[in-house]
Structure formats: C-alpha cells, structure tokens
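Asks: one predicted model, sequence on top.
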Amino acid sequence: MSVRCALPADQPRLRRPGALSQRTPRPRRRFSHPRLPRQASSDMAPLPASDDRRQLRRTLRRRRRLLDERAQRLASMSLARQLMQLAPLRRARHVALYLPENGEIDPTPLVDWLHQRGTRVYLPVLRPLVENRLWFVHWRPDTRMVLNRFRITEPDLRQSGERIRRLAPWALDVVLMPLVGFDEQGHRLGMGGGFYDRTLAFASREHGPRPTLIGVAHHCQQVERLPHQPWDVNLDMIVSDQKVLRPANASP
Ligand SMILES: Nc1nc2c(c(=O)[nH]1)N(C=O)[C@@H](CNc1ccc(C(=O)N[C@@H](CCC(=O)O)C(=O)O)cc1)CN2
Ligand SMILES: Nc1ncnc2c1ncn2[C@@H]1O[C@H](COP(=O)(O)OP(=O)(O)OP(=O)(O)O)[C@@H](O)[C@H]1O
C-alpha cells in the first residue's frame, strides 16, 4: 500500500511534521550517515528474524534514517490520519507522545488536533536521579525546552515561576511509544535503555488504571519475529504509516 498524499476534505488540517520541534533547539546529530547502495523506502520488506538485538537496532535505525524528507512527511501524515480514527485517542484527555529524533516517525502533526479537542499533551523527560525511568511532563507551546544527555529535546524541569506539571504514568490515557522495531505479534524493540519498559511496568498488572500503549514506527521497521523479553511491556496496538496492528495478547 502506498502512502496517500492528499488530505481528505473532511479531515482537520494536520500540523506540518517537525513544526513543533523546530521551535526548540535542534540537537547536533550524534550519528554518522553511512552511504548505502539504495535509498530506504516505506515499502521495504520486513527484516528476517535475528537474536542480536544490538545489531538489529543498528540496522533498523539506519533504515529509518535513510528515509528522505518527503517520505518522512508522508509517513507522518499517514500515521496521524490513522491515529485520529482510534477510539482510545478520540476519547483521551491526557496523551503522551515524543519529539522525533534520528529518523523516528513524527507524531507531532497530532498536537493541534489534540489541543483543539481539549486533550493535554505530555512529553517524556529523563527522570533525574533514578536510572532509566521517565517522567511525563505537560507540554504547551510556551514550555521551555532543553536538550537531555541523549541530545533529545525535552521540557526543562527548571521552569521559572510556573510549577512543572507532570502526570503519573498510570493517569495518562494514551502513550505513543517510539519503536525501533516491531513484529506482527506486537513485540517491540526500543532504544535499548529500558526507559519505557521500566516506567510502564505497572501496566502489566491485571488491575488498576493504565494507559493504552500504542507503539508507532515506520513500516520499514517491521521485523519477521522479535523475541519477547520477560520485562517487555505489552503493546495494545502498533500503528505504522501503513497499518494498524492489534496484537492478540493486547488488553480488550
Ligand atoms: N524521541 C524520543 N525520545 C525519547 C526516547 C526515544 O526513544 N525517542 N526514549 C526512549 O527510551 C527516551 C530516551 N532514551 C534513549 C535511550 C538510549 C539512547 C541511546 O543513545 N542509546 C545508545 C545505545 C543503544 C544501543 O544499545 O544500541 C546509542 O544509541 O548510542 C537514546 C535515548 C526518552 N525520550
Ligand atoms: N521493568 C524493568 N525493571 C528492571 N530492568 C528493566 C526493566 N525493563 C527493562 N529493563 C532492563 O533494561 C534493559 C534494556 O531493555 P530492552 O533491551 O528491552 O530495552 P528496549 O525495550 O529496547 O528500550 P525502551 O524500553 O527504552 O524502549 C535490559 O537490560 C533490561 O534488563
């Protein structure tokens, strides 16, 4: 399936991908861009299974980095259109997303739509003092931003005057999680820090409030099979620029 370009007339206009992050300092690139014989495309076939998670991460990150600006823009618009149809997002009051880095699919065209619906938007912030955990901090257009140690833009926890507004992860309605890789069964590969896994570990419990966890990625980040790790949080859905996957083991 190819990525559609034109917006249907009855859809609200989407924010241009990257527009949100352009207001904030752009991090210096940390990664080299190796020359590959061919351009990445959203239609690349799923990679064969591999047990080497580090190598797989490298390969998949390189795949998404090779998408050119136009492919990124189309993928981002297609992602937003699909997300806007999903019931958990349509009824959400509190949604966490992320600012894209290093070729990640860009979820920020959703921000205007969410704000128009009165939904609050949260961004992940590296939690100070506690290893590899995240806080989710309320983001507004006037939120002061800084670069974290990975050179990813995040809300500054030292906001002057105004109290920083973070929300406990269990109180979020939806978390959009950036994926490095995924498979048809809903298994995921992240950046390797275990940040989302640790922060959202409570979601595996049977009882209590929990957000709907939606992994998002480019179609070209799909892998035939990923091994499930005992600490991996289960995703309720995975949405790429080309499809919505609902893993069989997802909560109803
Ligand atoms: N846009 C965005 N923001 C995000 C995340 C993300 O994946 N994407 N995170 C999601 O957790 C958190 C940051 N996590 C990160 C974890 C590791 C590395 C990193 O640079 N890792 C090393 C080694 C990776 C490996 O083992 O292969 C590296 O890339 O050199 C960067 C960010 C919070 N914010
Ligand atoms: N709930 C947890 N408690 C303690 N350690 C954890 C937990 N979840 C993950 N880890 C540790 O984090 C490390 C990275 O895990 P993994 O390779 O699955 O990361 P990832 O899923 O790619 O990253 P992320 O969760 O940040 O997207 C592993 O060494 C794992 O043991």
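Replies: That came through fine. Just so we're clear, the structure is a prediction, and the values are computed from it rather than from any experiment. Ligands and ions are numbered 1, 2, ... in the order given.
Asks: give me the nearest residue to the residue of the stretch 1-150 of the chain found nearest ligand 2, chain neighbours excluded.
Replies: Closest to ligand 2 within the stretch 1-150 of the chain is residue 53: 5.9 Å, counting by C-beta to the nearest ligand atom. In short, each C-beta sits where N, CA and C put it, glycine included. Nearest residue to residue 53, sequence neighbours excluded (C-beta to C-beta, 6 or more residues apart in numbering): residue 189, at 6.4 Å.
Asks: got the contact list for that neighbour?
Replies: 53, 56-57, 60, 179-182, 223, 226 (C-beta atoms under 8 Å, 6 or more residues apart in numbering).
Asks: relative to ligand 1, how far out is it?
Replies: 10 Å (C-beta to the nearest ligand atom, to the nearest Å).
Asks: bridging residues for that residue?
Replies: Counting by DSSP bridges, residue 189 forms beta bridges with residue 181.
Asks: which intervals of the stretch 1-150 of the chain have sub-threshold pLDDT?
Replies: Counting by pLDDT under 70, the stretch 1-150 of the chain shows low-confidence ranges at 1-51.
Asks: one more time with 90
Replies: 1-54, 130-131, 142 (pLDDT under 90).
Asks: which positions in it make contact with ligand 2?
Replies: With C-beta under 6 Å from any ligand atom as the criterion, the stretch 1-150 of the chain meets ligand 2 at residues residue 53.
Asks: hey, where'd the helices end up in the stretch 1-150 of the chain?
Replies: 19-22, 53-65, 69-83, 87-90, 110-116 (DSSP state H, counting those that start in this stretch).
Asks: now swap in the stretch 151-252 of the chain and tell me
Replies: 195-199.
Asks: ligand 2 contacts on that one?
Replies: 189-198, 201, 229, 231-232.
Asks: return the set of residues that bridge with residue 215.
Replies: Beta-bridge partners of residue 215, as defined by DSSP bridges: residue 177, residue 238.
Asks: measure it to residue 116 for me?
Replies: 25 Å (C-beta to C-beta, to the nearest Å).
Asks: thinking again about what came up before, so the residue of the stretch 1-150 of the chain closest to ligand 2 makes contact with residue 191?
Replies: No - with contact defined as C-beta atoms under 8 Å, residue 53 does not count as touching residue 191 (11.1 Å).
Asks: still on that earlier bit, more neighbours: residue 215 and residue 116, which one.
Replies: Shown here are residue 215 and residue 116; by other C-beta atoms under 10 Å, residue 215 has more neighbours (27 against 9).
Asks: roughly how far does that one sit from residue 133?
Replies: 19 Å.
Asks: could you do residue 74 as well?
Replies: 34 Å.
Asks: surely residue 149 is in contact with residue 128?
Replies: No - using C-beta under 8 Å as the test, residue 149 is too far from residue 128 to be in contact (10.9 Å).
Asks: now do the contacts for the closest residue to ligand 2 within the chain.
Replies: Proximity of the chain to ligand 2 (C-beta to the nearest ligand atom) peaks at residue 190, 1.8 Å away. Taking C-beta under 8 Å, 6+ apart as the contact definition, residue 190 lies against 177-180, 196-197.
Asks: which PyMOL command selects the buried ones in those?
Replies: The buried residues among the contacts of residue 190 can be selected in PyMOL (16 or more other C-beta atoms under 10 Å) with this line:
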select buried, resi 177+178+179+180+196+197
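Asks: before I go, just wanted to say thanks for your time.
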